[in-house]
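> sequence first, predicted model second:
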Amino acid sequence: MPTEAPVLFPLAGKAVKLARVLAAPSYARALLRTRTAAAVEHEALLRRLAPATVIDVGANKGQFALAARRALPDATLHAFEVLPGPLATLRRNFDGDASFTAHALALSDAAGEATFHVASREDSSSLLGVGAAQEAVFDVREASAIRVPTARLDALGLVEACVAPILLKLDVQGAELQVLRGAETVLDRLSHIYAECSYVELYQGQALFPEVRAWLEARDFVFRSAFNTHHDPKLGPVQADMLFQRAPA
């Protein structure tokens with residue numbers, strides 16, 4: 001059975017991050033009530049980008065969404081999470097927040113159903129099978145597989161109804177290009193895309209960062225910077241959060 005990821009932080013900066021979580025009432029509440037550690041490392045960037053709407057794809061328990069809410073108290077948040085356990089925790093973390101909506105869907109490039117690969121750490125689950133490098137670097141392996149509902153973002157009518165500027169955040173464990181292909185007709189409504197991308201194949205058949213970057217650049221997005229890079233002693237850079245900006249018209 002999958003196990004819930006423990007509330008642990010990277011060794012580098014662990015104490016500082018924990019102190020930041022405990023110092024913010026909303027973060028401390030989520031940590032104590034639901035064992036959800038807010039992704040405080042994204043706060044500064046979110047404030048700088050200042051989107052009116054955040055679409056959080058692969059929201060898990062709301063780690064990123066908690067940071068978005070604290071950084072952007074007036075923003076509208078839409079979160080997509082398909083695993084029942086994390087989805088229930090996500091909704092609990094935002095209970096009473098009228099500007100937050102959770103969607104029980106896996107976004108992809110086709111509507112219907114798909115196999116979802118549940119990992120030994122639920123926040124590493126994916127539409128793609130867990131690869132050998134994921135196990136070697138993060139000690140994560142596939143625990144089970146379930147069928148889940150899928151949808152294209154550009155078929156939901158959601159983006160068209162959102163207030164601009166809109167930030168699309170992707171943390172979908174190797175399925176970034178599938179989600180982007182399923183959003184192709186609404187990309188021009190987005191101001192920024194913030195996607196966790198890999199330099200090495202952590203999931204079977206995933207598109208690596210150069211392919212994701214080329215796809216977005218062909219559609220008028222400019223790569224701005226990489227954040228929160230994870231390094232492996234043997235493999236070097238493994239993955240990072242990549243920021244893309246819509247090119248001026």
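Perfect, I can see it now.
> drop to CA atoms for contacts and neighbour counts, all remaining ones
Noted.
> wait, doesn't Ser99 sit right on Ala79?
No - contact status for Ser99 versus Ala79: not in contact, 11.0 Å apart, counting by Cα atoms under 8 Å.
> what about the two, which has more around it?
The residue with more neighbours, out of Ser99 and Ala79, is Ala79; 25 against 14, by other Cα atoms under 10 Å.
> and the host helix or strand of Val54, how far out from the chain middle?
In this assignment (DSSP states H and E), Val54 forms part of strand 53-57. Centroid displacement of strand 53-57 relative to its chain, using Cα atoms, centre = their mean, to the nearest Å, is 9 Å.
> now for the helix or strand just after it, which elements pack on it?
Following the chain from strand 53-57 toward its C-terminal end, the next helix or strand by DSSP H and E is helix 63-71. Helices and strands touching helix 63-71, as assessed by 3 or more Cα pairs under 8 Å, 6 or more residues apart in numbering; DSSP states H and E, comprise helix 25-34, helix 43-49, strand 53-57, strand 76-80.
> quick check: which of the ones you listed is buried the most?
Sort the helices and strands packed on helix 63-71 by mean neighbour count, taking mean count of other Cα atoms under 10 Å, and strand 53-57 sits at the top with a mean of 25.
> one step back: can you redo the helices and strands packed on helix 63-71 as TSV with mean pLDDT and distance to Gly131?
Formatted as TSV, the entries for the helices and strands packed on helix 63-71 read as follows, by pLDDT from 0 to 100; distance: least, Cα to Cα, whole Å:
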stretch	mean pLDDT	distance to Gly131
helix 25-34	95	29
helix 43-49	98	30
strand 53-57	98	21
strand 76-80	98	23
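> quick one: closest of those to Val179.
Ranking those by proximity to Val179 (Cα to Cα) places strand 53-57 first, at 8.7 Å.
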